[in-house]
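Chemist: need a structure here:
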Amino acid sequence: MYTSGSQPLLICFLWSTLNEEYDSNTPCSLISRHPGGLCVWGICVLPCRFQTNGDKIIQWVKNNGKNVQVHSYYDDQDQLGHQDPLYEGRTSLFHDQISGGNASLGLARVNLQDQGRYQCYASTTHFNQETFILVLIRYHVVAAPVTKVDIVLGNNTVTCQSRGIYPIPQLTWSVSPRPATVLQNTTEVHEDDQGLYDISGFLRTVYSDTESTYSCSVHNEHDARKARVSVVFFTEPCSLEIIIIIFPFCSREII
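Modeler: Next comes the predicted model:
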């Protein structure tokens, strides 16, 4: 999920065949904002033209292993009785331009599931034409700040995690009163299907002979947040007691 500070840009690239009137390199760019978690996409137009002559039949399908019914038009009106539920309420034709040979499809609230190969079939009394459109969806996230850092100690390892960040973040450790450089640490970064990054850091072989505070900072060029965990060891003749205190930092540090 995007945070309130993110501004994802969805780019829908269209490649058409059998139709030279459209520039295949022109992107259809759709801005998405998420007020209150609501995602509202713009409309992407899939181009299709045909030669008009007599009665018109327009059929849009998606070739996804099987033909998925996207939009149908005949008898001078939309015919949506067999439309796939995934496209319900999201498709439209330019009715005032059909008589001039425009069978282009408007697709609203575009999402990653809309990727694929689309077929436009246009038929008239004396002419049939098929146009194929390849739709590729790519996300470009302007900014998704670091909003939360989680830290936990278990199995002699301190683990630090943060999710849903853009651009790519970095993770650093500090240990008090001893240096962190002598401890084994690894960092893993994964990109999700929306172009956001999740980062995890692991600090192994923690000190076991004194009170120590382990701090983790996750940051990128826009934002930073920290979390820390304190480990206190009390040694008695027949027992060893460990007290773990976690201090998440709630304030941001701008780098």
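Chemist: quick one, helices of the stretch 51-200 of the chain?
Modeler: For the stretch 51-200 of the chain, helices defined by DSSP state H, counting those that start in this stretch do not occur.
Chemist: so where's it uncertain?
Modeler: Within the stretch 51-200 of the chain, the segments meeting pLDDT under 70 span 138-142, 180-182.
Chemist: dig out what residue 161 forms beta bridges with.
Modeler: residue 150, residue 200 (DSSP bridges).
Chemist: again with residue 165
Modeler: According to DSSP bridges, beta-bridge pairing links residue 165 with residue 197.
Chemist: you'd agree it is up against residue 143?
Modeler: No: look at residue 165 against residue 143 with C-beta atoms under 8 Å: they stay out of range, at 9.4 Å. To be clear about C-beta, it is placed using only N, CA and C from the backbone, and glycine gets the same treatment.
Chemist: find residues that contact each of these two.
Modeler: Listed as contacting both residue 165 and residue 143 by C-beta atoms under 8 Å, 6 or more residues apart in numbering is no residue at all.
Chemist: tell me which of those two has more neighbours.
Modeler: residue 165 (26 against 16; other C-beta atoms under 10 Å).
Chemist: need the contact list for that one.
Modeler: Here residue 165 is in contact with 144-146, 196-199, 218, 220 (C-beta under 8 Å, 6+ apart).
Chemist: so which of these is the most crowded?
Modeler: Most surrounded of the contacts of residue 165: other C-beta under 10 Å gives residue 144, at 27 neighbours.
Chemist: could you measure from that one over to residue 59?
Modeler: From residue 144 over to residue 59 the distance is 40 Å, taken as C-beta to C-beta, to the nearest Å.
Chemist: show me what contacts the closest residue to residue 117 other than its chain neighbours?
Modeler: Using C-beta to C-beta, 6 or more residues apart in numbering and skipping the chain neighbours, the partner closest in space to residue 117 is residue 63 (4.5 Å). Neighbour list for residue 63: 116-119 [criterion: C-beta under 8 Å, 6+ apart].
Chemist: mind redoing it with 7 Å?
Modeler: By C-beta atoms under 7 Å, 6 or more residues apart in numbering, the contact set of residue 63 is 116-117, 119.
Chemist: pull out the buried members of these.
Modeler: residue 119 (16 or more other C-beta atoms under 10 Å).
Chemist: okay if I get the contacts of residue 63 as a markdown table plus distance to residue 178?
Modeler: A markdown table is the format used below for those (distance: C-beta to C-beta, whole Å):
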| residue | distance to residue 178 |
| --- | --- |
| 116 | 55 |
| 117 | 59 |
| 119 | 66 |
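Chemist: in strands only, show me the contacts of residue 63.
Modeler: 116-117, 119 (DSSP state E).
Chemist: let me know the closest of the residues you listed to residue 171.
Modeler: Nearest to residue 171 among these, counting by C-beta to C-beta, is residue 116 at 36.8 Å.
Chemist: I figured the closest one hits residue 66, correct?
Modeler: No: contact between residue 116 and residue 66 fails when scored by C-beta atoms under 7 Å: they sit 11.5 Å apart.
Chemist: list the buried ones in the host helix or strand of residue 213?
Modeler: If you go by DSSP states H and E, residue 213 is part of strand 212-219. For strand 212-219, burial by neighbour count (16+ other C-beta under 10 Å) applies to 212-219.
Chemist: list just the nearest of these to residue 184.
Modeler: residue 214 (13.1 Å).
Chemist: show the model's pLDDT score for the closest one.
Modeler: Residue 214 is assigned 85 on the pLDDT scale.
Chemist: can you tell me how far the nearest residue to it once chain neighbours are set aside is from residue 218?
Modeler: With sequence-adjacent residues excluded and distances taken as C-beta to C-beta, 6+ apart, residue 214 is closest to residue 158, at 4.8 Å. Going from residue 158 to residue 218 by C-beta to C-beta gives 14 Å.
Chemist: and if you look at residue 111?
Modeler: 28 Å.
Chemist: shouldn't residue 130 be in contact with residue 119?
Modeler: Yes: between residue 130 and residue 119 there is a contact at 6.2 Å, judged by C-beta under 7 Å.
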